[in-house]
Every structure is written in C-alpha cells, then in structure tokens.
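Asker: I would like to see how this sequence folds:
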Amino acid sequence: MHKTLLVSTDGQAVMRSHDGGTNWHRINIGQDLEYDDCVRCLLVDPRQNGAIWAGAERGLFRSEDCGAHWQQVDCALNGYAVWKLAVAPGDSGVMYAGTGSPARAAFFRSRDGGRTWEQTALLMPERCAGVSRPRMLALAVNPHDPLDVWVGVEEGGLFRTRDGGDSWTRLDKDWPQHAGNSDVHDIIILPASAGQPETVLVLVVNALYRSADGGETWTRFHARDTWGLRYARVLLRKPDSRTEVAIGIGDGTPGTTAAVLVSADAGATWRHATLDSPANSCLWAFAAHPADPEMMLAGTKFGHLFISTDGGRHWAKQRREFSEITGMAWLPGVPLNMELPHETH
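Answerer: Next up is the predicted model:
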C-alpha cells in the first residue's frame, strides 16, 4: 500500500512524504495555505480518499490530493487559529473545531461535513494564568453519539456537551486532587462494549485521569510518580482496538527527553515502549489510520519523527528532522499525478 505521511509545522506549513519518509516535499507557492504558514493540526477526512483538513493560524484549509494542494474553507473560522479538529465517528458529516492563541479560544461546529461552521456558547476568557492566551487542544466525540463531545482547554479545564455545543458542563473541578489540573492536553473516549460504559482518558499537564464508567468517577495517575517524567502531552488510540492506547510524555516543554507508554487494557496499566534513539524533546504529536492500524507516527516538539510498524511497541527514529512539529497524519494513497517506484513485497 502506498502511503502519504504528513507533518504539520510552525513555519513550514505541511510537509509530506510519499515513500515512507525517505523524501519530503514542501507545498508549492501560490496556494491559499502559504508554504511558511503555522499549521496547528491535521485531520483526515474519512469520507473521501486523499482528503485532509488543516487547522492553521489563519483558519481552516483542505486538500483533496494527499496534501499537495490546499484551499482555504471560507467560513466562520476565517481569522481564527484552529488548534484542534474532530469528526464524529458515528456521523462523519458532523465536525468540531477548537480555536485559541493568538485568537480567542472558542468552540465551533459543522453539520455539513466542514463546508459551513457556526460558533457555539463555549468561549474562553482572552487571558489565562498558565499560557497567556488559552487554546482548545483536546476534542473527543463519543463513538456512539455525535452530539456528546468533550473539550479540553490549555488552560481552562474540561467541558462536556451532550447536545452538540448548545449547553456545557465543566467537569474537572470535581476531580480528585484537582489543584493545578485545569491545563488539559488530550482526551480519548474508548468505545463501550458488552454493556459496559465508555472509558474516558483525559491527559492534563502532569497527570492522566481515567474513568471506566463514562465519566462518573475518576482515577488519577500522577505522571512523575507513575512514569518518572512530569510533562504529559498527547494520547493515541490504536484504530482497530477498544483497549490499546499510548501516551507521549517528556520532562518538560520543550524538554530534553521523551517516552512512549502503551496500555493494552484501556489505560488501567502501562509499560514503556522502545525508542531506538533518544528523543530530543517532549513527545508532541501522534498519528494512526485504520487502513493499517499497526503503523503509527510520533513527533517531538523539536522535530524528531519516529515510526512504529507494530502498533506502538517499538519506534524507529527517521533520518529526516523538522522544525517545530505541531501535528501529524498519514493516509493511504498518493497524488494521482505522481510517479512512484514499483512496489516491492
């Protein structure tokens, strides 16, 4: 299977590789997305092969040829820095976006597959204590209900809506040992099974909160005490699994080292994955795709790219290094007009 690997950056827009990471291409000039833009996140469109969205500091962009060409989506997100995008697993026409620094942190929704957007009632203050201007880093949609959405804000807390954004409840203030944990970095909702409720994992700056009953009660894993590193940044669910997940952590931001932790039991227990080379800063981004659940990407804040081909247990550092990595994705296929070497087996 030919694949396109994509890395979003702060300063070189979106870089892409069509040969497994050996060669990389910047986007050409003369597009809506500038080749030196700051792009904050990527999201693969599950409805159309080769299509992907990018959240940038000037709004929302879309490519339909594996990231080679980009068009801005003229919508309510114009002028906002888009930090996170999510599509509802149960209804791919429903999408959500979280914005933030240097723009106002707000929550937007689309009900027509990303063509038009509207702002909802969830709006953060212009300033916060920890990062000056808040940003919505984490969005997670219940796999069984496209209107049940969880939002995490750096810094600002954890919020939940059950009606697609019309009304909101703040949840983190009821957590055990809440102090200092309004800085939310990532959220995963693992699907319910066999009559059991969803398992929810919420990563804050220094801990993981886990709920095995859909958010009713929580268990806290302190990052430094549990894993020896204090800065918890990003989560990843293996696409074909209800229980296999990973955490990327480090010793600070940007930090000087990082680790990947993996769990086979929905976050109840964790073990260290193997990185074949030391990371140069904290883990900042993950990527996976259901077309090949064993293949995963991980990127550090300062540009190291690691690839796993065994579902996250072992990671190999790639030769190519980047500027500041902000997000990652991969998708099956390559641009139609691109010449490729014969595929070997």
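
Asker: going forward, measure contacts between C-alpha atoms and count neighbours the same way
Answerer: Fine.

Asker: Stretch 126-137: which residues count as buried?
Answerer: Using 16 or more other Cα atoms under 10 Å as the test for burial, stretch 126-137 gives R133, P134, R135, M136, L137.

Asker: Any idea what the spatially closest residue to the third one that is not a sequence neighbour is bridged to?
Answerer: Of all residues beyond its chain neighbours, the one nearest R135 is G100 (3.8 Å), with distances taken as Cα to Cα, 6 or more residues apart in numbering. With DSSP bridges applied, G100 shows beta-bridge pairing to A81, R135.

Asker: As TSV, the buried residues of stretch 126-137 with pLDDT and distance to G113 would be great.
Answerer: Below are these laid out as TSV (pLDDT from 0 to 100; distance: Cα to Cα, whole Å):
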residue	pLDDT	distance to G113
R133	96	29
P134	96	26
R135	97	23
M136	97	20
L137	96	21
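
Asker: still on that earlier bit, what residues does the residue nearest to R135 make contact with?
Answerer: Y80, A81, V82, W83, A106, R133, P134, R135, M136 (Cα atoms under 8 Å, 6 or more residues apart in numbering).

Asker: Check G311 too.
Answerer: Contacts of G311 by Cα under 8 Å, 6+ apart are K238, P293, E294, M295, M296.

Asker: Quick one: buried ones out of these?
Answerer: Buried among the contacts of G311 by 16+ other Cα under 10 Å: K238, P293, E294, M295, M296.

Asker: Now flag whichever of those is closest to D251.
Answerer: Using Cα to Cα, the shortest approach to D251 within these belongs to M296, at 22.3 Å.

Asker: Check that closest one and give its pLDDT.
Answerer: Reading off the confidence values, M296 has pLDDT 98.

Asker: beta partners of it?
Answerer: With DSSP bridges applied, M296 shows beta-bridge pairing to A288, S308.

Asker: isn't it right next to S308, touching?
Answerer: Yes. M296 is within contact range of S308, at 5.1 Å (criterion: Cα atoms under 8 Å).

Asker: Tell me how many other residues surround N280.
Answerer: For N280, the neighbour count with other Cα atoms under 10 Å is 17.

Asker: List the contacts of it.
Answerer: With contact set as Cα under 8 Å, 6+ apart, N280 has these partners: G255, T256, T257, A258, T300, F302, H304.

Asker: Quick check on D225: phi, psi?
Answerer: The phi/psi pair for D225 (degrees, to the nearest 10) reads phi -70, psi -30.

Asker: contacting residues around it?
Answerer: Per Cα under 8 Å, 6+ apart, neighbours of D225: none.

Asker: Now do it against Y231, distance only.
Answerer: Per Cα to Cα, to the nearest Å, D225 is found 12 Å from Y231.

Asker: Equivalent analysis for Q196, please.
Answerer: Q196 is 31 Å from Y231, where distance means Cα to Cα.

Asker: of these two, who's got more company?
Answerer: Using other Cα under 10 Å, the more surrounded residue of Q196 and Y231 is Y231, with 24 against 11.

Asker: Quick check: the more buried one touching T256?
Answerer: No. Using Cα under 8 Å, Y231 and T256 do not qualify as a contacting pair, with a distance of 11.2 Å.

Asker: okay, and the common contacts of these two?
Answerer: Shared contacts of Y231 and T256, defined by Cα under 8 Å, 6+ apart, are found at G250, C282.

Asker: which parts of stretch 41-49 are buried?
Answerer: C41, L42, L43, V44, D45, P46.

Asker: what's the model's confidence in it, averaged?
Answerer: In the prediction, stretch 41-49 has an average pLDDT of 96.

Asker: Look at the residue nearest to Q196 when sequence neighbours are not counted and give its secondary structure.
Answerer: Closest residue in space to Q196, ignoring its immediate chain neighbours: D213 at 7.7 Å, by Cα to Cα, 6+ apart. Following DSSP: H, G, I helix; E, B strand; the rest coil, D213 is assigned to coil.

Asker: quick one, strands of the stretch 101-250 of the chain?
Answerer: Under the criterion DSSP state E, counting those that start in this stretch, the stretch 101-250 of the chain contains strands at 106-110, 118-123, 135-141, 149-154, 157-161, 169-170, 184-190, 199-204, 207-211, 219-222, 231-237, 245-250.

Asker: for the second one, packing partners?
Answerer: Just to be clear, that refers to strand 118-123. Helices and strands touching strand 118-123, by 3 or more Cα pairs under 8 Å, 6 or more residues apart in numbering; DSSP states H and E, are strand 106-110.

Asker: and what of the fourth one?
Answerer: Strand 149-154 sits against strand 135-141, strand 157-161, strand 184-190, with contacts defined as 3+ Cα pairs under 8 Å, 6+ apart.
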